[in-house]
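Chemist: just coords:
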């Protein structure tokens with residue numbers, strides 16, 4: 001039979017199959033493939049979900065309802081308030097500990113390091129004075145030397161037991177402990193030779209002095225510098241702003257205000273007492289933190305500017321005076337045996353350099369502004385601190401005048417008269433030096449008290465803040481939870 005559409009007959013024995021054969025074959029091929037893949041595809045289809053994914057889905061589902069959103073808001077608010085309290089407690093504790101170290105640890109260690117230097121320099125100066133007296137060395141001079149050595153040894157032992165975390169300090173303490181017995185041995189040898197009238201005694205004393213200047217005093221200065229740097233670091237730590245706690249407080253307050261505004265827009269209720277209590281507690285902690293740290297910082301700044309800086313300058317001035325006195329004595333001990341490259345007396349040049357650093361050039365008038373005593377006067381902030389420094393300046397000028405007389409006598413060949421001007425009675429340079437040292441010690445005591453008083457005032461501003469922050473943070477978190485719970489109860 002012919003096809004009415006095309007006029008041709010279909011091939012014999014074949015029946016048309018409806019639908020596209022390509023699609024049919026694709027379906028069967030796909031089925032076959034699936035069947036031949038075994039259990040692998042089936043395992044992938046039933047892969048288990050993680051707990052995190054389930055939790056995210058549950059949280060997302062909860063957030064689609066108002067009660068669910070309220071629960072999330074309550075949890076976030078409680079977390080932010082507790083985090084604020086924890087950050088405040090942590091950072092305030094850290095700063096209070098640094099302020100305590102300033103007063104109880106680093107400042108005393110810095111003062112001890114300065115006293116070690118002063119004791120060593122004074123021992124060297126006293127040894128030279130006793131050597132000049134020869135067989136007439138007084139018992140007082142001998143006791144002063146021994147007291148200086150004992151003081152240095154005791155303070156070194158104290159520093160060794162209290163210094164921690166500073167390799168430089170530990171290294172210098174060890175060096176001083178090993179060098180000090182060698183120095184005292186040289187001094188005793190010099191004294192023994194001097195009592196026997198042997199010129200070798202002067203050589204031993206000069207060698208002892210060279211060891212003191214070249215090894216002991218530089219090590220003591222390194223120790224002082226290391227402890228002073230530690231003191232500055234403690235000041236910086238105590239004064240650093242607690243930015244983490246302040247930022248956490250601002251975020252917590254902002255979230256609480258937002259939550260209350262949201263509550264007002266949905267309920268037209270002005271106050272939610274739980275959220276209001278949480279906001280008040282957080283605001284109190286934030287204000288307490290800002291004001292308390294500001295007061296503490298001001299006290300510590302005063303302590304450093306009016307105390308620590310003055311102490312540093314006064315210690316340097318005292319050291320300059322000691323070294324000048326030692327050079328003055330050794331000028332007579334050496335008798336011109338030690339000279340500089342331009343053939344000037346080595347120790348006399350050292351004396352003039354020390355006096356220039358101490359009070360400035362000249363032999364009269366006020367101290368130069370760039371000298372140690374001039375700087376100490378500029379830093380003194382009251383009459384009690386300024387008066388002893390002014391007296392020290394006047395005594396230094398007297399000392400310089402007497403020293404000039406001694407040098408004139410020595411240059412004229414009158415050694416005995418020059419010696420009397422240096423280690424004699426009330427009109428000698430030794431008496432002027434002792435007065436300068438006493439006046440500087442008075443100024444140091446005053447500045448030490450000022451530093452401690454101001455630092456204690458700064459520490460006091462942080463008292464109770466840690467406990468208060470923790471308690472108020474817990475109350476604030478509780479208030480936030482109760483406030484949100486009050487809203488949730490309206491949906492039950």
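Modeler: Cool, got the structure. Owing to the predicted nature of the structure, the values given are computational and were not obtained by experimental measurement.

Chemist: Nearest residue to the middle of the protein?
Modeler: The centroid of the chain falls nearest to residue 233 when counting by CA atoms, centre = their mean (1.5 Å).

Chemist: Can you name the residues in contact with stretch 79-88?
Modeler: For stretch 79-88, the surrounding residues in contact (CB atoms under 8 Å, 6 or more residues apart in numbering) are 242, 244-245, 248-249, 251-252, 255-256, 278, 281-282, 285-286, 289, 465-466, 469-470, 472-474, 476-477, 480. C-betas here are computed from N, CA, C, even on glycine.

Chemist: The residues you listed, buried ones only, as a PyMOL selection?
Modeler: Command for PyMOL that selects the buried part of these, burial taken from 16 or more other CB atoms under 10 Å:
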select buried, resi 242+245+248+249+252+255+256+278+281+282+285+286+289+465+466+469+470+472+473+476+477+480
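
Chemist: quick one on the thing from earlier: torsion angles phi and psi at the residue nearest to the centre of the chain?
Modeler: Backbone torsions of residue 233, given as degrees, to the nearest 10, read phi -60, psi -40.

Chemist: show me what contacts the residue nearest to it when sequence neighbours are not counted?
Modeler: Computed as CB to CB, 6 or more residues apart in numbering, the closest residue to residue 233 that is not its neighbour in sequence is residue 106, at 7.9 Å. Residues near residue 106 by CB under 8 Å, 6+ apart: 227, 230-231, 233-234.

Chemist: Give me the distance between residue 106 and residue 238.
Modeler: Noted for residue 106: a distance of 10 Å to residue 238, by CB to CB, to the nearest Å.

Chemist: now the helix or strand hosting residue 274: how far from the chain's centre is it?
Modeler: Using DSSP states H and E, residue 274 sits in helix 273-303. Offset of helix 273-303 from its chain centre (CA atoms, centre = their mean, to the nearest Å): 24 Å.

Chemist: likewise stretch 207-221?
Modeler: Stretch 207-221 has its C-alpha centroid displaced from the chain centroid by 29 Å (CA atoms, centre = their mean).

Chemist: where does residue 336 land in three-state SS?
Modeler: Following DSSP: H, G, I helix; E, B strand; the rest coil, residue 336 is assigned to coil.

Chemist: So it sits against residue 345, correct?
Modeler: Yes - contact criterion CB atoms under 8 Å: residue 336 and residue 345 qualify, at 5.9 Å.

Chemist: who's more crowded, those two?
Modeler: Taking other CB atoms under 10 Å, residue 336 and residue 345 do not tie; residue 345 has more neighbours (21 against 14).

Chemist: Sort out which one of the contacts of residue 106 lies nearest residue 430 for me.
Modeler: Residue 430 has its nearest neighbour among the contacts of residue 106 in residue 227, at 30.7 Å by CB to CB.

Chemist: show me what contacts residue 459?
Modeler: 96, 99-100, 103, 296, 299 are the contacts of residue 459 under CB under 8 Å, 6+ apart.

Chemist: Most neighbours out of the residues you listed, which is it?
Modeler: Counting neighbours by other CB under 10 Å, residue 99 leads the contacts of residue 459 with 27 neighbours.

Chemist: and it, that's in a helix?
Modeler: Yes - membership of residue 99 in a helix is supported by three-state DSSP.

Chemist: what's the nearest residue to it if we skip its chain neighbours?
Modeler: Using CB to CB, 6+ apart and skipping residues adjacent in sequence, the residue nearest residue 99 is residue 238, 4.1 Å away.

Chemist: Now for the one you found, how many residues are close by?
Modeler: 28.

Chemist: one step back: among the contacts of residue 106, the buried ones, what's the ChimeraX command?
Modeler: Buried members of the contacts of residue 106, defined by 16+ other CB under 10 Å, are picked up in ChimeraX with:
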select :227,230,231,234
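
Chemist: ok, so of the contacts of residue 106, who is nearest residue 384?
Modeler: Among those, residue 231 lies closest to residue 384 (CB to CB), at 23.1 Å.

Chemist: and that closest one, helix, strand or coil?
Modeler: Taking three-state DSSP, the label given to residue 231 is helix.

Chemist: what sits against it?
Modeler: Contacts for residue 231 (CB under 8 Å, 6+ apart) come out as 102, 106-107, 109-110, 308.

Chemist: Please tell me how far the residue nearest to residue 99 sits from residue 175.
Modeler: Going from residue 238 to residue 175 by CB to CB gives 31 Å.

Chemist: swap in residue 84?
Modeler: From residue 84 across to residue 175, the span is 49 Å (CB to CB).

Chemist: Those two: who's more crowded?
Modeler: Per other CB under 10 Å, whichever of residue 84 and residue 175 has more neighbours is residue 84, with 30 against 17.

Chemist: Next one: that one from residue 98, what distance?
Modeler: For residue 84, the distance to residue 98 equals 22 Å [CB to CB].

Chemist: And residue 273, what's its pLDDT?
Modeler: Reading off the per-residue confidence, residue 273 sits at a pLDDT of 86.

Chemist: give me phi/psi at residue 245?
Modeler: Torsion angles at residue 245 (phi, psi; degrees, to the nearest 10) stand at phi -70, psi -40.

Chemist: mind checking which helix or strand the residue nearest to residue 99 is in?
Modeler: Counting by DSSP H and E, residue 238 is found in helix 217-239.

Chemist: In that helix, which residues are buried?
Modeler: Applying a neighbour-count criterion of 16+ other CB under 10 Å, one finds 217, 219-224, 226-228, 230-231, 234-235, 238-239 buried in helix 217-239.

Chemist: can you pull the contacts of residue 348?
Modeler: Listed by CB under 8 Å, 6+ apart, the contact partners of residue 348 are 327, 331, 407.

Chemist: in what helix or strand does the last one lie?
Modeler: Yep, that's residue 407 we're talking about. Residue-wise, residue 407 maps onto helix 383-411 under DSSP H and E.
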